[in-house]
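>>> compute the structure for the input listed below.
(chains A, B, C and D)
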Number of protein chains: 2
Amino acid sequence: MKQISYENFFANFSNKTRLGILTALMDGPLSVSEIVDKVGGEQSNVSHHLESLRKCSILNVKKEGKKRIYSLNKKTVYPMLELVEKHVGGCGGSCEECGLCSPVGERK
Amino acid sequence: MKQISYENFFANFSNKTRLGILTALMDGPLSVSEIVDKVGGEQSNVSHHLESLRKCSILNVKKEGKKRIYSLNKKTVYPMLELVEKHVGGCGGSCEECGLCSPVGERK
DNA sequence: TTCTCATATGAAATTTGTTTCATATAAACA
DNA sequence: TGTTTATATGAAACAAATTTCATATGAGAA
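The predicted model follows:
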């Protein structure tokens, strides 16, 4: 029954693989193997990340036969990302320092 | 001229010391030494974190004699933290898994 | 049942981030 | 100028997070 902190919550958005998972799920719910296909990398690694995201209720899961279907908590995720876009807007979308000036997938 | 990513942006909220700095600045702008007094730890460490926060425009700086006065980008920081509070609200404020159920300072 | 497929889990290996330490810079002042 | 104060910076030491690897679990099909 470990309490998760703010740090923990935000950490779920501060990693390329996890943002990839979130992006993948924007088109709708997916099973683990479908997510792996989309984001690439090891199944076990994706699984670890899914666990972390789920623990913070950033993702939801349901069982379906032997599959687990993950879906976005849109109510939290979308406003979160929009806030960042808005923040970037504040520097005219061409800030050299902040630099959040292109869609999620195009960044490294 | 390095472009900072979403990961980078969120990483600034996913660290205890940096959240401490943000909390300290909620009462108004402070100089580096005042921040150090409030959050504790090495001056150079605080300085590194300030640099990181500033690069993402989460903080602003202005010179004042030999001091540097840092201030919150409230427009971004407050909605960000409120969003998390709201997210927690979704589990009634007593979720065992998500656990973001008490003020910033009281968590570990 | 046994086999296969889908996913999870734990621990070791690796990578990345944080902290500390020593020192640099820059402003004010004697 | 030389000294003190405030802050920044780079690199090494240290800590934490991520990835991989090997294997476990669990559901459905043969």
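
>>> tell me which element the residue nearest the centre of chain A is part of?
The centroid of chain A falls nearest to residue A:22 when counting by Cα atoms, centre = their mean (3.0 Å). Per DSSP states H and E: residue A:22 is located in helix A:16-24.

>>> over to residue A:68?
strand A:67-72.

>>> packing partners of the helix or strand following that strand?
Toward the C-terminus, strand A:67-72 is succeeded by helix A:74-89 as the next helix or strand (DSSP H and E). Judged by 3 or more Cβ pairs under 8 Å, 6 or more residues apart in numbering or on different chains; DSSP states H and E, helix A:74-89 is in contact with helix B:6-11, helix B:74-89. In this view, the C-beta of every residue, glycine as well, is placed from N, C-alpha and C.

>>> nearest to DNA strand D, out of these?
helix B:6-11 (8.7 Å; Cβ to the nearest atom of the strand).

>>> so does the closest one get close to chain A?
Yes. Helix B:6-11 lies within reach of chain A by Cβ under 8 Å from any Cβ of the partner chain, at B:6, B:7, B:8, B:9, B:10, B:11.

>>> lowest-confidence helix or strand of chain A?
Among the helices and strands of chain A, helix A:74-89 carries the lowest confidence by mean pLDDT, DSSP states H and E, at a mean of 91.

>>> next to DNA strand D, which bits of chain A? Give me the list.
A:7, A:11, A:14-18, A:41-42, A:44-45, A:48-49, A:52, A:63, A:65-66 (Cβ under 7 Å from any atom of the strand).
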